[in-house]
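1. Make a model of this:
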Amino acid sequence: MKRIYNKIIKKILIKYWFKFKSYKLEQFRNKHKGEDCFIIGNGPSLNKMDLSLLNEYHTFGLNKIFMIFDRKPFNLSYHVAVNSHVIKQSKREIIKLSCQSFLASVPALINSVISDNIFYLGGTKPNKSFFKDVTQGINEGYTVTYVAMQLAYFMGFKNIYLIGVDHNFNQMGSPNETQKMEGNDPNHFDPNYFKGQEWQLADLEASEVSYVIANYYFSKDGRKIFDATLNGKLNVFDKIDFNEAIKLAKKK
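-> Reported below is the predicted structural model:
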């Protein structure tokens, strides 16, 4: 019964998004055409990087990136989160962000995550793998990084540089399974990231499929995704050293 109820609520909220929220994303269409950006994952490798170097560049921070600001402060251009656990656990912090934030509409609206800086993303259409137009929806692709890529494409960014996308998780269980994190979190830049909280196990194989699709769409349009993650395990995108990426990327 609860599952049926949740499906009904989800359908209602998606219809609400299409009618009252989707058009607000139009202001971001090609806003950064021809520019470059960094998409910042949440892997432990971030602890070994000088993130202050990003202050002169456009950046997308993912999920609980705000937890690193006290130790490694830098200016964030945009924030993205779609996982229901992350959004529920981070309501206060997301609302306080000074940058514009893009959230999956269903968990955000259910948890009343509301602010003038928040924009809501719609659901997935069955036969749509990559949304070049996010006013029509997004595909979560088993990783928030994929959502950020769709947003970056919609905004017109030409070159995307990934950092902190370690693609390496210490976990036991089935992909996408919900568990409670007992003890310190070894998979993110902060040991308290999911400590004592629920999280969904990563689905690395499925996310790789999404990355291949993103790589196809960017390449087809004469754009490029680079992986500048320090010692990252992802092997879909061309690798580049972070310091080299800083030299090559266009500044704001």
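2. low-confidence ranges in the chain?
-> Along the chain, the model assigns pLDDT under 70 to residues 1-2, 4-5, 125-127.
3. can we see that at 90?
-> 1-14, 123-128 (pLDDT under 90).
4. What segments of it are helices?
-> Listed in chain order, the helices of the chain (DSSP state H) span 2-20, 84-89, 91-96, 105-110, 144-155, 204-220, 242-248.
5. right, and those helices - which one's nearest Gly137?
-> helix 2-20 (8.4 Å; Cβ to Cβ). No exception for glycine: its C-beta is placed from N, CA and C like everyone else's.
6. Return the closest one as CSV; C-alpha atoms alone will do.
-> Extracted C-alpha coordinates of helix 2-20, given in CSV (Å, rounded to 0.1, in the frame of the first residue of the first chain):
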residue,chain,number,x,y,z
LYS,A,2,2.8,2.4,0.9
ARG,A,3,4.5,1.7,-2.4
ILE,A,4,1.3,2.5,-4.4
TYR,A,5,0.8,5.7,-2.4
ASN,A,6,4.4,6.8,-3.1
LYS,A,7,3.9,6.2,-6.8
ILE,A,8,0.8,8.3,-6.8
ILE,A,9,2.5,11.1,-5.0
LYS,A,10,5.5,10.9,-7.4
LYS,A,11,3.2,11.2,-10.4
ILE,A,12,1.3,14.2,-8.9
LEU,A,13,4.6,16.0,-8.1
ILE,A,14,6.0,15.4,-11.6
LYS,A,15,2.9,16.8,-13.2
TYR,A,16,3.2,19.8,-10.8
TRP,A,17,6.8,20.2,-11.8
PHE,A,18,6.0,20.3,-15.6
LYS,A,19,3.2,22.8,-15.1
PHE,A,20,4.7,25.2,-12.5
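7. and that helix, what does it pack onto?
-> Secondary-structure packing of helix 2-20 (3 or more Cβ pairs under 8 Å, 6 or more residues apart in numbering; DSSP states H and E): helix 105-110.
8. Would you mind pulling the contact partners of the helix it packs on?
-> Applying Cβ atoms under 8 Å, 6 or more residues apart in numbering, the contact partners of helix 105-110 are 9-10, 13-14, 16-17, 21, 82-84, 87-88, 113-114, 118, 120-123.
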